[in-house]
Structure formats: structure tokens, C-alpha cells
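In: Kindly return the folded structure for what I paste below:
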Amino acid sequence: MSPRLSLFITALILVLGATVTFATAPSLSPQPIAQQSADPTIERGQRGWLRQLNLTPEQLKQIRTIRGRYKAQLEETRQAVRQARQELQTLMRSSASTEEIRKKFDQIQPLRQELMRIQFNSLLEIRSILTVEQRQKIGDIQQRRHGNVRNRLRERLDEEL
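Out: The predicted structure follows:
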């Protein structure tokens, strides 16, 4: 796989993962979003997303329901990817043949693809409850985050070379 394709896939996974996890507010009570955003149990980056999107309490409830439907499937697939990657790293460190290593790599690709498909489906469901303005805002946020991820990955690649 080319470094450019690998970089793109990594950035896409990060962006989709971040998008899927943006609405993890633990409280869905009908208090104003600004008060919910001040909740210290919400990660710093997520507070910004919630504030920027101005989600209604009903939208928060729906997003939490959507995330709940995908949670087990996402966790299971993430664990399978993690385990397969660890196995690949073990093979890379060992005296395993090139063929064995390629076979393990080929096993990882469909798992990553499945993870991306689940994240994307979840994102599509979340998108369906957002207003046009919220969709535009989330697109802008994703674009900025994608640029930041891409820049960080590029810096890492430059450091390694």
C-alpha cells in the first residue's frame, strides 16, 4: 500500500472515529447545552463540538441512542483490528516468512474496512437528525480536524525520513 493511501485511510478513520464519538454527553436532561458542555466528564474536544452544533436535548437523546446501537459492534470490531495488528507486529518481529506476514496483513484489511463501514453507518444516522446548518458546521469541523491530522501525520513522516 502506498504511503499516501495509508495516510489517507488513517486520516479517514480518525475523522470518522472522532465524528462518531462527538456526542457522548453523559447527561441528557433538558438543561441548556452550555451547562451540559461544562460537565467535566465530557472530554475537552467534545465540549467544543456540542457547543458549536447547538444540539437540542432531543438531538442529544437521539445521538446517544444511535451510539448505543453501534457501541458493541464498534468495540468488537476495534478489538479484532487491535488484536490482528498486534499479531502482525509480533510476526514482523519474529522470524516469520514474508508470506505469513502478508497473509496476516491481508486479514487486517477487511477488518479495518468493516470498522470504517460501521463508523460511517453510525455517522449517516447521526447526520439524519442534524439540521442543514449543523451538517455544515460539522463538515467545517471535520475539514479543520482532517487538516490537523494530515499535518501531524506529514510531520511524523518527515521526522522519520
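In: so where's the chain shaky on pLDDT?
Out: Scanning the chain for pLDDT under 70 picks out 1-50, 150.
In: try it again with 90
Out: 1-54, 123, 137-161 (pLDDT under 90).
In: just so I have it, where are all the helices in it?
Out: 3-20, 33-37, 44-53, 57-93, 98-129, 132-160 (DSSP state H).
In: which strands and helices sit next to the longest one?
Out: Read that as helix 57-93. helix 3-20, helix 98-129 (3 or more C-beta pairs under 8 Å, 6 or more residues apart in numbering; DSSP states H and E). The way it works is simple: take the backbone N, C-alpha and C, and place the C-beta from them, glycine included.
In: Adding mean neighbour count, write the helices of the chain out as TSV.
Out: Output for the helices of the chain, formatted as TSV (neighbours: other C-beta atoms under 10 Å):
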stretch	mean neighbour count
helix 3-20	15
helix 33-37	16
helix 44-53	17
helix 57-93	15
helix 98-129	15
helix 132-160	13
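In: I'd assumed Gln52 was in contact with Ile141.
Out: Yes. Look at Ile141 against Gln52 with C-beta atoms under 8 Å: they come within range, at 6.5 Å.
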